[in-house]
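A.B. asks: Build me a model from this:
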Amino acid sequence: MRHCQISPAMELLLGVFLCLLIFTGKASGNKADPHKIQVKEDVSVTLPCLFSTAVTDKIIDWKKDEKEVLLYDLNKLSHQAEEFKDRVSLFPNELKSGNASMQIKETKVLDSGNYTCIYLNNGEYLAAASHQVELTVEYILKDRTRQKRKGAFAKPSVIIINETAEGTLLSCKVLSASPRPTVVWYDSAGRSLPVEKKENPETEGHYNIFLNTIVTITGRYTCVATQKELHHQINETTFVRVQGSVRGLIHGDGVGVGVLIVIAIAAIV
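C.D. replies: Numbering: from 1, shown residues only. You can find the predicted model right below:
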């Protein structure tokens, strides 16, 4: 078998080529490795952008996915994108220290994306001074009844059906909800209560749900409806003053709560 011999000139060329590959890989890697931040929606978040010199005499330009978010022109705000109006700002007193970080208030899931901070000097972008941030905003469970989304949001309605010496009958109803919600009764300590449940499915995947329970302890009781598919959760609370005294069940925390289950759906249907 014959072995190929590489000349010194060829070795030099291969060495230069490998160095270029390594250098190019590092350069592209730095560019494609933004600072990653992950937050829940509705909170405030600060996207970092720090320079080694003061930027009070420069134009600070923040973009999201190449679209304008905020333009800070010579120490004053000159432009805000409509979807970020009154929600984004810099820290003016920090610009002299090279801090051009941007704060986003009341974050939304739609705020997720790739942000770039860059400053302009004499009208020219200074690419070497750019900073990239990848922001991810996650959904939380909250009341979304005012939002326009596909589906029908659950809206619990709580009423007191009857009050006797044995306890108070509470009812929670959720009408025409889609997708099917999870509905739970809780006492003031956050414990779920046994219930009598009736469910009437409507056409086109809408649901009517009725949840009854009897409580024997004076306090606040809350009905919570949750639709995880819509990231929607809503509750309604009522205060109950129970007449008389009934021997209750003893929970592990030493709090006595008596719950009697009755079938009283006919009273509210």
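A.B. asks: And the strands in the stretch 1-150 of the chain?
C.D. replies: 35-40, 45-47, 59-64, 67-73, 77-80, 88-89, 102-104, 113-121, 124-125, 131-138 (DSSP state E, counting those that start in this stretch).
A.B. asks: Indicate which one of these is closest to residue 221.
C.D. replies: strand 35-40 (28.0 Å; C-beta to C-beta). No exception for glycine: its C-beta is placed from N, CA and C like everyone else's.
A.B. asks: Show me which residues of stretch 220-227 are buried.
C.D. replies: 221, 222, 223, 224, 225, 226, 227 (16 or more other C-beta atoms under 10 Å).
A.B. asks: Repeat that for stretch 47-58.
C.D. replies: Applying a neighbour-count criterion of 16+ other C-beta under 10 Å, one finds 47, 49, 51, 55, 58 buried in stretch 47-58.
A.B. asks: Closest one of those residues to residue 173?
C.D. replies: residue 47 (44.7 Å).
A.B. asks: For that closest one, name its beta-bridge partners.
C.D. replies: When bridges are called by DSSP bridges, residue 47 pairs up with residue 102.
A.B. asks: Quick check, it in contact with residue 117.
C.D. replies: Yes. With contact defined as C-beta atoms under 8 Å, residue 47 counts as touching residue 117 (7.2 Å).
A.B. asks: Show me the common contact partners of the two, please.
C.D. replies: Residues touching both residue 47 and residue 117 (C-beta atoms under 8 Å, 6 or more residues apart in numbering): 62, 101, 102, 133.
A.B. asks: now that we have the residues you listed, which one has the most neighbours?
C.D. replies: Neighbour tally across the shared contacts of residue 47 and residue 117 (other C-beta atoms under 10 Å): the maximum, 26 neighbours, falls on residue 62.
A.B. asks: what sits against that one?
C.D. replies: Residue 62 neighbours (C-beta under 8 Å, 6+ apart): 47, 49, 69, 70, 71, 88, 102, 115, 116, 117.
A.B. asks: Any chance of a markdown table for the residues you listed, columns distance to residue 191 and pLDDT?
C.D. replies: Listed next are those as a markdown table, based on distance: C-beta to C-beta, whole Å; pLDDT from 0 to 100:
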| residue | distance to residue 191 | pLDDT |
| --- | --- | --- |
| 47 | 41 | 96 |
| 49 | 47 | 93 |
| 69 | 46 | 95 |
| 70 | 47 | 93 |
| 71 | 53 | 91 |
| 88 | 42 | 96 |
| 102 | 44 | 95 |
| 115 | 44 | 96 |
| 116 | 49 | 94 |
| 117 | 48 | 92 |
